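Student: Pasting the sequence and the predicted coordinates here, then a few questions.
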Amino acid sequence: MRMSKAFIPTLKEDPKDAEVISHKLLVRAGFIRKVSSGLYNILPLGTKVVEKIKNIIRKYMNEYGAQEIIMPIMTPSELWIESGRWNVYGKEMIKFKDRHDRDYALGPTHEEVVTDLIRKEVKSYKDLPLNLYQIGQKFRDEIRPRFGLMRAREFIMKDAYSFAKDENEAKEEYFKMYEAYKKIFDEIGLNYEIIEADTGEIGGKFSHEFVVLADSGESKLIKCKQCPYCASTEIAKIGIKIDDIPFVPFKILEEVNFDLEKYREKVKSILEKYKETLEKENLPQKEEVYTPNQETIEDVAKYLNLSKEDTAKAMVYIADGKPILIFLRGDYEVNEIKLKRALKAKELSLADEKLLKELSLEKGYIGPLLSQETLEKIKEKQGLIIGDISLLSKKALCFGANKKDYHIKNLVMFRDYKLDTILDISEAQGKDWERCPECLANVNFKKGIEVGHIFMLGDRYSKAMNATFVDRDGKEKYIIMGCYGIGVTRIMAASVEQSFDKDGIIWPLSIAPYQVHLICVNPKDEKQKSIAEELYKELLNRGYEVLYDDREERPGFKFKDADLIGIPIQVIVGKKVKNNKVEVKVRKTQEKMEVELDKIFEYINNTINMLK
RNA sequence: CGGGGCGUAGCUCAGCCUGGUUAGAGCGCGUGCCUUGGGAGCACGAGGUCGCCCGUUCAAAUCGGGCCGCCCCGACCA
């Protein structure tokens, strides 16, 4: 492509509405332009990148047995109503009516459509397993679109759906996709982690997220410093060592299949041991302190000149109608996903003012020294008083005093207060005391961009939509499904996010819009011009993808554009053509090499191989 | 939806607080000259409903109110 003819509008200045680097650079380098909040035009360079990403995805999806289809973007409401998601998905779905007043939604995902297709066509176990995928526009009316392509309202996604006759076959399909995804992200050249993730409302057996590490990312994860454990903070378990005794509450809960009684039996000895430790220590005595109008943890910590880590707070929830009083360290937050699982609760919500009043609890000053009245009320309602694992990280903490304007310092577990049990229900932060639930080594907290997500769906959709097949034994059974997504446009942003420098984007060869950026420094110089033209033709003949800067601009202008756009190899035809030499610059390292004209193709070829 | 910020030329912004000729700059764009190894220089030129509406005023980019749009933080997020 000749730049003199190309539509590549580059900018000298950062667009004012861009915050993250990928957004700034993709706009400046002429890859995208905003249409409206969360909606983007993808310009020729961006389209090239998107196509390359799509093709890599296709290659491995096909290799692992998936077949490409195209489903409509416009989807009828009946299917969503049938699966129960018409209301669950709610405002995130863009809904509209046709001229006959029938309801439709722009597809945010296609489980319903594809399940409908399959239930009509798949009748026998002989038709299974099957895996279908598509690459297309998706629509989600995000509450707050942000960071350019990272969270857009319309975006390009690859979504695949597998159908199997039983759990085992479904698992095989799932792990085929797992492997395919690894190959895809490896080939794209992303630095990513595969993390255990929450299955969300889908409620399947397992789920993995593929996350590109980047500070601008919205996914938070915990990664063990030693073993392969890596999980989203949505589900990350926390371990702790108490006098070298490992304690991983969530693992123990899982072992006893979330039977709270059995759990308490199992952790009894550990907590006994902890109690002994505390007793041996000469910890300061509790002390009531006056804290007028200090209701938040920030306020209290500041007022008492304590670190947030030395305070504790209370959260009151209602789980299936039962009041749940939770104490946790002031700098931690309740992870509702973990709490819900730990309690095997179907419904969970924060308590309202009414319940607090009923339990005689003073908002902002709740502590573990509860009145007899409160204790009885909680018991009566079959509630629980739970300490989060974070309470074990400090021997004494400052809690509310259960009366307005007072807190109590130096409260020590067992010595001063009692809890029904200790659970792991806070969101992991990767702080020092937190240990890997698998090997008890220290963990790191990292942020990343979710670029892929795979789910084992089970029969969630096949049951709701009655997608069955007749098995070998003649019995009708539900199809076992999996679904697998990759954010194509998000990958474009994520790649930039982890590969750029002060001059612009640095594309990996695999998804670069072109492989070679040929620059004619001074097209008015006849020799430079003719050699550049010749090189351009010959490079194209040899099958290279070339962006040729033939514009009559000053050299600096063209160099700046080239660095900004970020094509991996620059071939610079300049004044050294007098000695039959041109320069080859590798964008990533900014290293320039002078190369004899007759060796140029060999050199380019070698450089490309090196970059692969 | 709550909190904060912004909206003036294609882009990035100044002017607004303290109302008053013809609304400015840099970049970009057009023409010419000059220049050709890191976003040059000179000259001339085009380009604006100061987001929209209402109000205050002799007079509004400027003050007040409403609306719209965009960005950030939060809540939300199969």
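Tutor: Sure, I can see it.
Student: Poorly predicted segments of the stretch 51-200 of chain A, please.
Tutor: Residues of the stretch 51-200 of chain A meeting the criterion pLDDT under 70: A:199-200.
Student: Show me which residues of it are close to RNA strand B?
Tutor: Residues of the stretch 51-200 of chain A that fall close to RNA strand B, judged by C-beta under 7 Å from any atom of the strand: A:85, A:88-89, A:92, A:109, A:111, A:142-147, A:159, A:200. (Each C-beta comes from the backbone N, C-alpha and C, glycine too.)
Student: Over to A:Tyr178. Which of the three states is it?
Tutor: Three-state call for A:Tyr178 (DSSP: H, G, I helix; E, B strand; the rest coil): helix.
Student: Spit out the contact partners of it.
Tutor: A:194, A:208, A:454 (C-beta atoms under 8 Å, 6 or more residues apart in numbering).
Student: nearest to RNA strand B, of the residues you listed?
Tutor: Closest approach to RNA strand B among the contacts of A:Tyr178 (C-beta to the nearest atom of the strand): A:Ile454, at 8.6 Å.
Student: partner residues bridging the closest one?
Tutor: Taking DSSP bridges as the rule, A:Ile454 bridges to A:His208, A:Tyr484.
Student: wait, isn't it in contact with A:Tyr484?
Tutor: Yes - counting by C-beta atoms under 8 Å, A:Tyr484 is a contact partner of A:Ile454 at 4.6 Å.
Student: returning to what we had before: could you tell me which of the contacts of A:Tyr178 count as buried?
Tutor: Buried residues within the contacts of A:Tyr178, defined by neighbour count using 16 or more other C-beta atoms under 10 Å: A:194, A:208, A:454.
Student: nearest to A:Gly556, of these?
Tutor: Set against A:Gly556, the nearest of those by C-beta to C-beta is A:Ile194 (43.5 Å).
Student: backbone phi and psi for the closest one, please?
Tutor: phi -100, psi 120 (degrees, to the nearest 10).
Student: The closest residue to A:Asp331 other than its chain neighbours and A:Ile425: what is the separation?
Tutor: Computed as C-beta to C-beta, 6 or more residues apart in numbering, the closest residue to A:Asp331 that is not its neighbour in sequence is A:Lys308, at 4.2 Å. In this view, A:Lys308 and A:Ile425 are 18 Å apart by C-beta to C-beta, to the nearest Å.
Student: Contact partners for the residue of the stretch 351-500 of chain A found nearest RNA strand B?
Tutor: Closest residue of the stretch 351-500 of chain A to RNA strand B, C-beta to the nearest atom of the strand: A:Gly485 (3.4 Å). Residues counted as contacts of A:Gly485 (C-beta under 8 Å, 6+ apart) are A:109, A:157-160, A:452-454.
Student: Would you give the sheet partners of the helix or strand that contains A:Gly387, along with the direction of each?
Tutor: In the assignment (DSSP states H and E), A:Gly387 maps to strand A:384-388. Sheet pairing of strand A:384-388 (DSSP bridges) gives strand A:322-329 (parallel), strand A:421-423 (parallel).
Student: ok, residues contacting it?
Tutor: Residues outside strand A:384-388 that contact it (C-beta under 8 Å, 6+ apart): A:322-329, A:332, A:334, A:343, A:368, A:370, A:378, A:413, A:419-426.
Student: The residue of the stretch 501-612 of chain A found nearest RNA strand B - nearest residue in space that isn't next to it in sequence?
Tutor: The stretch 501-612 of chain A approaches RNA strand B most closely through A:Gly574 (1.8 Å), counting by C-beta to the nearest atom of the strand. Leaving aside its chain neighbours, A:Gly574 sits nearest to A:Val521 (3.7 Å; criterion: C-beta to C-beta, 6+ apart).
Student: so what's A:Asp550 scoring on pLDDT?
Tutor: We have a pLDDT of 95 for A:Asp550.
Student: Actually, A:Glu358.
Tutor: 89.
Student: where's the closest residue to it other than its chain neighbours, which helix or strand?
Tutor: The shortest distance from A:Glu358 to any non-neighbouring residue, by C-beta to C-beta, 6+ apart, is to A:Lys377 (6.7 Å). Taking DSSP H and E as the definition, A:Lys377 sits inside helix A:372-380.
Student: follow-up on the earlier one: burial count for the residue nearest to A:Asp331?
Tutor: Residues lying near A:Lys308 (other C-beta atoms under 10 Å) number 16.
Student: For it, give its distance to A:Asp299.
Tutor: Distance, A:Lys308 to A:Asp299, by C-beta to C-beta: 11 Å.
Student: With A:Ala345 instead?
Tutor: According to C-beta to C-beta, A:Ala345 stands 31 Å off from A:Asp299.
Student: what's the answer for A:Asp432, then?
Tutor: From A:Asp432 across to A:Asp299, the span is 25 Å (C-beta to C-beta).
Student: Likewise for A:Ile506?
Tutor: According to C-beta to C-beta, A:Ile506 stands 46 Å off from A:Asp299.
Student: Same question for A:Glu450.
Tutor: According to C-beta to C-beta, A:Glu450 and A:Asp299 sit 35 Å apart.
Student: Over to A:Lys527?
Tutor: Distance of A:Lys527 to A:Asp299, given as C-beta to C-beta: 74 Å.
Student: can you give me the strands in the stretch 201-350 of chain A?
Tutor: A:207-213, A:219-224, A:230-232, A:240-242, A:245-247, A:287-290, A:312-319, A:322-329, A:348-350 (DSSP state E, counting those that start in this stretch).
Student: As CSV, these with distance to RNA strand B would be great.
Tutor: CSV is the format used below for these (distance: least, C-beta to the nearest atom of the strand, whole Å):
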stretch, distance to RNA strand B
strand A:207-213, 9
strand A:219-224, 9
strand A:230-232, 11
strand A:240-242, 25
strand A:245-247, 28
strand A:287-290, 29
strand A:312-319, 13
strand A:322-329, 15
strand A:348-350, 9
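Student: and the ones you listed, which is most packed in?
Tutor: Burial of the strands of the stretch 201-350 of chain A is given as mean neighbour count (mean count of other C-beta atoms under 10 Å); strand A:207-213 ranks first at a mean of 24.
Student: CA-only coordinates of that one in CSV, if you can.
Tutor: Extracted C-alpha coordinates of strand A:207-213, given in CSV (Å, rounded to 0.1, in the frame of the first residue of the first chain):
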residue,chain,number,x,y,z
SER,A,207,-14.1,-21.8,33.8
HIS,A,208,-10.8,-20.3,32.8
GLU,A,209,-9.9,-16.8,31.8
PHE,A,210,-7.1,-15.8,29.6
VAL,A,211,-5.7,-12.6,30.9
VAL,A,212,-3.1,-10.3,29.4
LEU,A,213,-1.1,-8.7,32.2
